[in-house]
Each structure stands twice: as structure tokens, then as C-alpha cells.
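[1] turn this into a structure:
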Amino acid sequence: MNTHEDIRMLSRLLVCLIFVTALFLTAGESASRDSTSASNTQYGAADANSCRWVEKAPDWVRSPIQMDIHAGYRIFVFYSDGTIGYRVRGEFPYAAFMSFTIYDNAYLYAALTDYEIEADPGSINPFHSNELVNAPNRAYTVTVLPHNARRDSMANPIFMPPLPHGSNPTSLVLVQRIYLGEPQDQDRFGGVDAPTIEPFEVRTSAPAACPSGDFTAII
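    Predicted coordinates for the structure are as follows:
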């Protein structure tokens, strides 16, 4: 293993240690602490074809997402009725770790980690062994799908939990985590723009509308 691989492995081990430590911490903070952290919350730009992320770079750990002060988070809250999927298109960050997770209420339901994601045609995944960490072509597409969608129907699928029979649409949370962005970057998101979120009808692949509603209490 060369020096470059040694550094990358040590960085990932450090990320795992940070993540496990955060899982054992609870929020335990007052409402005033929430107002203090509001300055660390930003809203990712949205256009007609992309839904909006909420970006957080916290200075304290909080539940249920178990935010950590060494990471940046992008959060997307949506309702699921089993008919709508979301294409998440972005670039791999210049960072030690990235993942996408889906939460059902306070419970982590599904996760997709950086090395599991196949890059778009013509791009590479810098989290794969023997790939260039700083390669300029680093695009990916992750597809958030209802539970009953075909696994082989879309690129890099991550699945929503099943809906109980006869239930109303349920609110879910998609979170992008980025740990230990490159030191020369001034943010915690690894020096890349927020991924776009493109809703579509799973049955027809036709574009769909972004979810609407007040998700403040969830975020």
C-alpha cells in the first residue's frame, strides 16, 4: 500500500470513529441552542427541475440524524405515497467520506455509502481503490425509489420503507453526509455544489412536482 492509500485509509478510519462516537451522543440541548445553530443552516438553491436541500454545518451534536461537528449535512424532507422517485445528481466531494441515508421518523432505514455508488459514464468514483482522488470527472446519479420498485430499473438505487396497507403518505428524510472535506476548502461539503433533486413518476418516468409542506419541525 502506498503513502496515498495509507492516508486515505487513515482518514476513513477516523471518519468511522467520529460517526460511531456520534451515535452514542444525544441532543440534550435547550431551545436556545437551536436558535444559536440556526446561523449554521442554509437553504440550497432550487429551480423548476430541482427540489431544495437544507444545508447544515453544525457546531453541536443533535438527534436523530446524530449531526457531528466534523461534517456537513444536506437534508431533504418529502412525503411518500409510493408513486414518486427522486434522481439525485451531483459530484463526488473532495472529502474522506460521503453517504446518503433515508430516515423513517427517527430510524435509519437505508444507507448508500460512497464506495457503493457507480459513477456516471465518463466519470470515476474517487472513493474506489486505485482511482485518482482529485479527478475532475466525478459525476454520479443516485435514485431514491419506493419500496416496490425494481432494483435494476435505475442507477444506484436507495429504497424508501414500505407503506403499510391503506396508509396515508408518510414523511421521510434523505440525508447526505460529507466528512472531512479537503483542508483547502472553506466549507464542509467537499468543494462541490449541492446535488440536484429531480422528482419523477416511477411508473412513467415523467417529471413530477417537488413536495410542498412545512417540514420545519422535522429538520
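
[2] so where's the protein uncertain?
    1-49, 58-66, 166, 183-186, 214-219 (pLDDT under 70).

[3] and with 90 instead?
    Across the chain, the ranges flagged by pLDDT under 90 are 1-50, 56-71, 105-107, 148, 150-153, 163-170, 180-188, 212-219.

[4] the longest strand in it is where?
    strand 170-181 (DSSP state E).

[5] list the helices and strands the following helix or strand past that one packs on?
    Remark: after strand 170-181, the chain's next helix or strand is strand 196-201, criterion DSSP states H and E. Packing partners of strand 196-201 (3 or more Cβ pairs under 8 Å, 6 or more residues apart in numbering; DSSP states H and E): strand 84-91. All C-beta spots, glycine's among them, are computed from the backbone N, C-alpha and C.

[6] residues contacting Phe127?
    Phe92, Met98, Asp114, Tyr115, Ile117 (Cβ atoms under 8 Å, 6 or more residues apart in numbering).

[7] which of these tops the neighbour count?
    Within the contacts of Phe127, Met98 tops the neighbour count with 27 neighbours, counted by other Cβ atoms under 10 Å.

[8] where's that one, which helix or strand?
    Short version, using DSSP H and E: Met98 is in strand 95-104.

[9] in its sheet, what does that strand sit against?
    strand 107-113 (antiparallel), strand 170-181 (antiparallel) (DSSP bridges).

[10] which of the ones you listed sits most buried?
    strand 170-181 (a mean of 22; mean count of other Cβ atoms under 10 Å).

[11] can I get that strand as CSV, trimmed to CA atoms?
    The C-alpha trace of strand 170-181 is given here as CSV (Å, rounded to 0.1, in the frame of the first residue of the first chain):
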residue,chain,number,x,y,z
THR,A,170,-45.6,9.3,5.2
SER,A,171,-42.8,11.8,5.7
LEU,A,172,-39.3,10.6,5.1
VAL,A,173,-35.9,12.3,5.3
LEU,A,174,-33.0,11.9,2.9
VAL,A,175,-29.6,13.0,4.3
GLN,A,176,-26.3,13.5,2.5
ARG,A,177,-23.3,13.3,4.9
ILE,A,178,-19.9,14.6,4.0
TYR,A,179,-17.0,14.1,6.4
LEU,A,180,-13.6,15.8,6.5
GLY,A,181,-13.6,17.9,3.3
